[in-house]
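Engineer: Quick check, what structure comes out for this input:
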Amino acid sequence: MSKAMKKTVSAWALAGASVLAIATGAIAADRPSELAPLGDPPIPADNPQTPEKIELGKMLFFDPRLSGNGAMPCSACHLPDAGWDFPDKISLGYPGTVHWRNSQTVINSAYYGNLFWAGSSKSLEAQAKSAATGAVAGNGEADMMESRLAFIPEYRERFKDVFGTEYPRLSHAWMAIAAFERTLVQTDTPFDNYMRGDDAALDDAQKRGLDLFTGKAGCSQCHSGALLSNQKYYNLGVPAYDGWEDDELAQITFRYELYAKGSTEEMYRTYKDDPGAYFRAKDKNHLGKFRVPSLRYTMYTAPYMHNGMIETLEDVVEFYNQGGGENQFAETKSELIKPLGLDDAEKADLVAFLESLSGERIVMEEPELPDYDVLPAASN
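Structural biologist: Numbering: from 1, shown residues only. As a prediction, this is how the structure comes out:
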């Protein structure tokens, strides 16, 4: 690997570390030092929060006009009633296509250094743009989407009020959506309250599960800090998405993604599984690796893993208890993944603890969206 490439990979791998430190709240003295309650989300200096921007971002998050066909809002793949993700193995695809990875919840996404399973976006602003324009997601064209916003008088007023422009700019739309997503956080789970000193916030089973999490089960080796993710990338041996065996459209999507993201001819012809983080630096040491997801809000976000191949939290614990699985990229499987030897009672306690990482379900009504109208006469 060249020095320039090594520098790129290093910067990419370290991108989340500083964010993790910012997200840490106050911790009681007798709690596990490798974990922490979640504090306020980091706010980028170039996109400060304002009530008007957040409200505009909320409207845009639910507005299908920010897509190719005018029918695929952000909320199509991040359903509030379904954990703010999509309740299937693979996310909803643009009409006529299917997606190829599991939809992640946007709850607490404000704390990640890099977004998406393979860390391809470095900010919520970039993630919003990528999702709205991705071929098997929103599939939107920039000029079309920006033109649609210009024909909506209320948006013209709101964008001018928030950003000072005569007409809406798409870059500002992504900033507003990111501002709204930074309000979708949960910092008062039973786990958070326990870590702040409330001994009664966890029941006995959850406390035993916490001991396993930081001890015998070794979960905190990767699921650490306030976000319960070290934001690094590992191959756990998760089996390939089974839809690629018999779903013709999914097979086409898989081949398309391999081609579009820059596979070699050999990879395109022979690979049967998702190369994951390999695409960030075209480094085969990262084949099959995906970012450690936060375990927060997971009570509502089944199925699990980058391709939804594990159905329940009980199945997740059993997967780890057996030492992970097997996939095409055995040479990169993490050495941290080993059989745990947990008995049934320990597995139940671990699941109980995982459930303490979710608070009440976060729901909200969709906003009323403004209508189109003709442009002012002077602009025609």
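Engineer: what helix or strand does Gln251 sit in?
Structural biologist: When secondary structure is defined using DSSP states H and E, the element that contains Gln251 is helix 248-260.
Engineer: Tell me the helices and strands packed up against that helix.
Structural biologist: Helix 248-260 makes packing contacts with helix 243-246, helix 265-270 when contacts are defined by 3 or more C-beta pairs under 8 Å, 6 or more residues apart in numbering; DSSP states H and E. In short, each C-beta sits where N, CA and C put it, glycine included.
Engineer: Other residues contacting the longest one?
Structural biologist: By C-beta atoms under 8 Å, 6 or more residues apart in numbering, the residues outside helix 265-270 that reach it are Arg255, Leu258, Tyr259, Pro275.
Engineer: what's the closest non-adjacent residue to the third one?
Structural biologist: Excluding its sequence neighbours, the residue lying closest to Tyr259 (C-beta to C-beta, 6 or more residues apart in numbering) is Tyr268, at 5.8 Å.
Engineer: The one you found: neighbouring residues, count only.
Structural biologist: By the criterion of other C-beta atoms under 10 Å, Tyr268 has 12 neighbours.
Engineer: Likewise for Asp161?
Structural biologist: 12.
Engineer: can you check Leu115 too?
Structural biologist: Leu115: 23 neighbours (other C-beta under 10 Å).
Engineer: mind listing what it touches?
Structural biologist: By C-beta under 8 Å, 6+ apart, the residues touching Leu115 are Ser109, Ser121, Lys122, Ser123, Leu124, Ala126, Gln127.
Engineer: how about 7 Å then?
Structural biologist: Ser109, Ser121, Leu124, Gln127 (C-beta atoms under 7 Å, 6 or more residues apart in numbering).
Engineer: quick one: the last one from Gln328, how far?
Structural biologist: So the one you mean is Gln127. The span separating Gln127 from Gln328 equals 27 Å under the rule C-beta to C-beta, to the nearest Å.
Engineer: Comparing those two, which residue is more hemmed in?
Structural biologist: More neighbours surround Gln127 than the other of Gln127 and Gln328, with 24 against 18 (other C-beta under 10 Å).
Engineer: my guess is that one meets Ser121, correct?
Structural biologist: Yes - when contacts are counted by C-beta atoms under 7 Å, Gln127 is listed as touching Ser121 (4.1 Å).
Engineer: tell me the mean pLDDT over the helix or strand harbouring Ala128?
Structural biologist: In this structure, Ala128 is located in helix 124-133 according to DSSP H and E. The average of the pLDDT scores along helix 124-133 is 97.
Engineer: now it, how far from the centre of its chain.
Structural biologist: Taking the mean of its C-alpha atoms, helix 124-133 sits 12 Å from the chain's own mean (C-alpha atoms, centre = their mean, to the nearest Å).
Engineer: Mind giving me the packing neighbours of that helix?
Structural biologist: The contact analysis (3 or more C-beta pairs under 7 Å, 6 or more residues apart in numbering; DSSP states H and E) places helix 124-133 against helix 170-181.
Engineer: tell me which strands and helices the helix it packs on is in contact with?
Structural biologist: Here helix 170-181 is seen to pack against helix 51-61, helix 124-133, helix 142-150, helix 153-163 when contacts are counted using 3+ C-beta pairs under 7 Å, 6+ apart.
Engineer: between the ones you listed, which one is nearest to Lys284?
Structural biologist: For these, the distance to Lys284 is smallest for helix 124-133, at 24.2 Å, taking C-beta to C-beta.
Engineer: picking that back up, now for the contacts of helix 265-270, which sits with the most neighbours around it?
Structural biologist: Highest neighbour count within those, by other C-beta under 10 Å: Pro275, with 23 neighbours.
Engineer: list the contacts for that residue?
Structural biologist: Shown here is Pro275, whose contacts under the criterion C-beta under 7 Å, 6+ apart are Met267, Leu287, Gly288.
Engineer: circling back to that earlier point, make a markdown table out of the contacts of Leu115 and add distance to Ser103.
Structural biologist: Formatted as a markdown table, the contacts of Leu115 follow (distance: C-beta to C-beta, whole Å):
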| residue | distance to Ser103 |
| --- | --- |
| Ser109 | 11 |
| Ser121 | 14 |
| Leu124 | 15 |
| Gln127 | 12 |
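Engineer: And the residues you listed, which two are furthest apart?
Structural biologist: The most widely separated members of those are Ser109 and Ser121, with 10.5 Å between them, by C-beta to C-beta.
Engineer: more neighbours, these two?
Structural biologist: Neighbour tally, Ser109 and Ser121, criterion other C-beta under 10 Å: the higher count belongs to Ser109, 21 against 17.
Engineer: what pLDDT does the more buried one get?
Structural biologist: At Ser109, the pLDDT value in this model is 97.
Engineer: pretty sure it is touching Glu181, no?
Structural biologist: Yes - in this structure, Ser109 is within contact of Glu181 by C-beta under 7 Å, at 6.0 Å.
Engineer: Pull up the overlap in contacts between those two.
Structural biologist: In contact with both Ser109 and Glu181: Leu124, using C-beta under 7 Å, 6+ apart.
Engineer: Got the phi and psi for Gly276?
Structural biologist: In this entry, Gly276 is assigned phi and psi values of phi 60, psi -130 (degrees, to the nearest 10).
Engineer: now do the one 5 residues further on
Structural biologist: Dihedral angles phi and psi of Ala281 (degrees, to the nearest 10) take the values phi -130, psi 10.
Engineer: quick one: it from Leu336, how far?
Structural biologist: Ala281 is 21 Å from Leu336, by C-beta to C-beta.
Engineer: In terms of packing, which of these two has more residues around it?
Structural biologist: Counting neighbours by other C-beta under 10 Å for Ala281 and for Leu336 shows that Ala281 has the greater number, 17 against 11.
Engineer: Glu355: neighbour count?
Structural biologist: Here the count is done by other C-beta under 10 Å, and Glu355 has 17 residues near it.
Engineer: Kind regards, and thank you for your time.
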